[in-house]
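*Asks:* Next one to model:
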Amino acid sequence: MIPASWLQPRRFLRFSQRARWLCVWFGLPMLAVGWSWGLFIAPPDYQQGDYMRIIYLHVPCAWLAMLGYSLLGGFSLASLVWRHPLSALLARAVAPVGAMFTALCLATGML
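*Replies:* Predicted structure coming up:
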């Protein structure tokens, strides 16, 4: 359960500024390891060969793009219904992430 004090925008922003770098320093190495394992370490498929390896990047990018736009819709709806400033802030924050993963999904799908 989320503490009620975190729903105040000022406290949430203070917490998120501290937690952002923690997420970056843990997320980027995990992303690099996952992509390198998916592209270089995973064995080739017995029928499609090395062409199957791009699926290990394309499908997670598609899921994360759909998650980003679902969160964007949910936060926007909450902003319209309850007029909470934190939901509008979260909607603006998740939009570029969804767009980035959509671009990655389109680029890996094209390959």
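*Asks:* And Pro43, its phi and psi?
*Replies:* Recorded main-chain torsions at Pro43 are phi -70, psi 150, according to degrees, to the nearest 10.
*Asks:* Pull the number of nearby residues for it.
*Replies:* Around Pro43 sit 8 other residues, with neighbours defined as other CB atoms under 10 Å. Using the backbone N, CA and C atoms, a C-beta is placed for each residue, glycine as well.
*Asks:* And for Met30?
*Replies:* By other CB under 10 Å, 9 other residues sit near Met30.
*Asks:* what does the one 5 residues further on give?
*Replies:* Using other CB under 10 Å, Trp35 has 13 other residues around it.
*Asks:* so for the helix or strand where it lies, what's the average pLDDT?
*Replies:* Element membership of Trp35, judged by DSSP states H and E, is helix 9-36. In this model, helix 9-36 has a mean pLDDT of 90.
*Asks:* mind checking pLDDT for Ile2?
*Replies:* You'll see Ile2 listed with a pLDDT of 66.
*Asks:* do Leu80 as well
*Replies:* Predicted confidence (pLDDT) for Leu80: 95.
*Asks:* element containing it?
*Replies:* Secondary structure here is read from DSSP H and E; on that basis Leu80 sits in helix 55-82.
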